[in-house]
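[1] I'll drop the sequence and a predicted model, then ask my questions.
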Amino acid sequence: MNYSKIFNDKAAVLIPTVNPGPELKKLVLNLGKSKFIKNFTRQPKIVVVDDGSHKKESIEILKQIALLPNLEVFRHYKNKGKGKAIKTGLLKLRKDVNFIVTADSDGQHAPDDILKVLIECITSNKYVLGSRNLSSILVPFKSRLGNVLTSILFYLSTGKKIEDTQTGLRGIPQAYFDLFIEIDGDRYEYEFSALLEATKVDIVSTIPIQTIYFENNKGSNFRPVKDSFLIYFLFLRYFYIAFCISVIDLVAIYIATIIFPFTYSFLIIRLISAHIYFYLMKTKVFKSEGKIYFQLSLFYLFSLLNIFISWITFDQIFFVAGNNFFIGYFAGVVIMFFVNFFIQKHIIFKRKNV
């Protein structure tokens with residue numbers, strides 16, 4: 001990266017916070033002293049979104065920084081979550097700046113790194129992640145474990161490897177402001193959802209940043225159990241709906257093969273359940289706004305493959321070989337479960353490039 005280039009773009013640093021400590025004041029003061037500030041003909045604006053702080057000392061810090069030039073503080077009077085705070089900042093800034101970099105308020109992001117991510121975002125016009133070295137001994141166990149799990153899930157979903165999926169240091173080009181404002185989720189799951197959305201249009205870039213933690217990440221408001229569940233819930237939606245449809249499908253086919261012991265009973269039930277499955281995947285899981293006729297056509301095409309493989313597997317194991325009903329049923333289901341997720345994610349409900 002060429003850090004000697006001068007930029008005339010309108011840019012901003014967006015900092016969501018709740019009950020901040022002195023690290024926030026130190027951060028906003030030191031941003032103007034960064035060695036990279038000289039790369040900007042106009043200093044990036046700083047916007048702090050207070051997500052319902054209630055501690056007396058935190059409110060005092062927010063009052064103090066609100067008096068600083070080129071800095072503005074917006075407030076949620078009730079805690080709404082980090083994701084909602086970021087959306088508020090995007091809404092306030094989307095018409096005034098071309099690029100935004102989000103950063104945490106607990107001192108984990110060095111001023112130089114914040115501006116490096118912003119410079120990379122401007123240069124590449126991509127969604128940029130500041131990636132920490134998670135193998136460092138400085139990283140607390142819960143943070144390392146959480147990142148490993150989300151990185152695995154992210155890879156299974158997208159086929160792409162990103163080591164630091166939970167970084168809060170991210171550069172966002174203006175072309176994607178509206179997209180990120182509309183993303184579901186208001187708490188820590190929001191950033192993971194944003195990463196998934198960005199990956200759909202192939203706009204993700206990463207650059208290394210310093211790994212900074214204080215007192216085993218004591219200042220973080222991340223709730224390991226509850227917030228991790230919110231992050232993983234994005235994937236659990238798919239598994240839950242697919243599981244429910246499979247149970248209904250299983251019961252219906254089982255009853256049908258008893259009353260009407262013919263292979264066509266399997267096909268009729270599977271056709272009905274397939275349309276219910278399509279509707280739920282489109283509206284509840286991938287929440288796609290693509291043209292339904294085009295997506296349904298693709299779905300039909302791949303459903304033929306799905307039904308054919310499931311039917312042949314079931315027919316050969318149950319009717320021909322005379323094996324257990326459940327073995328015949330689940331052999332096809334397990335194979336197609338993972339194949340279907342990949343096809344839906346990357347082909348049927350794939351988001352078009354912005």
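    Sure, I can see it.
[2] could you chop this protein up by domain?
    The chain breaks down into these domains under automatic domain parsing: 11-222, 236-348.
[3] could you work out the end-to-end span of the last one for me?
    Read that as domain 236-348. Start to finish, the residues bounding domain 236-348 are 19 Å apart (Cα to Cα, to the nearest Å).
[4] since we're on Asp273, how many residues are nearby?
    Rather than Asp, residue 273 is Ser. 17 (other Cβ atoms under 10 Å). Every residue, glycine included, has its C-beta placed from N, CA and C.
[5] er, Lys38 actually
    Lys38 has 11 neighbouring residues, counting by other Cβ under 10 Å.
[6] now Tyr176: how far from Lys200?
    11 Å (Cβ to Cβ, to the nearest Å).
[7] got it, and Val117?
    From Val117 to Lys200 the distance is 21 Å (Cβ to Cβ).
[8] neighbour count winner among the two?
    Applying other Cβ under 10 Å to Val117 and Lys200 shows that Val117 carries more neighbours, namely 27 against 20.
[9] look at that one and give its secondary structure.
    Three-state assignment for Val117 (DSSP: H, G, I helix; E, B strand; the rest coil): helix.
[10] ok, Lys350 - contacts?
    Contact partners of Lys350, counting by Cβ atoms under 8 Å, 6 or more residues apart in numbering, are Lys200.
[11] and for Met281?
    Tyr238, Ile241, Gln344, Phe349.
[12] one more time with 7 Å
    Ile241, Gln344 (Cβ atoms under 7 Å, 6 or more residues apart in numbering).
[13] now do the SS call for it.
    Using three-state DSSP, the structure places Met281 in helix.
[14] any idea of the mean pLDDT in stretch 149-165?
    What stretch 149-165 shows for mean pLDDT is 80.
[15] lowest average confidence across the domains of the chain, which one?
    domain 236-348 (a mean of 80).
[16] that one: how far from the chain's middle?
    Domain 236-348 sits 27 Å away from the centroid of its parent chain (Cα atoms, centre = their mean, to the nearest Å).
[17] just stretch 60-77 next, same as before
    29 Å.
[18] which stretches of the stretch 1-150 of the chain form helices?
    22-31, 56-65, 82-93, 111-124, 141-158 (DSSP state H, counting those that start in this stretch).
[19] list the buried residues in the second one.
    Yep, that's helix 56-65 we're talking about. Going by neighbour count (16 or more other Cβ atoms under 10 Å), the buried part of helix 56-65 is Ser58, Ile61, Leu62, Ile65.
[20] name all residues that make contact with the third one.
    The contact partners of Leu62, by Cβ under 7 Å, 6+ apart, come to Pro20, Asp50, Ser53, Val73.
[21] now do the first one
    Under the criterion of Cβ under 7 Å, 6+ apart, the contact partners of Ser58 comprise Asn19, Pro20.
[22] and Thr263, how many residues sit next to it?
    Residue neighbour count, defined by other Cβ under 10 Å, stands at 14 for Thr263.
[23] much appreciated, bye for now.
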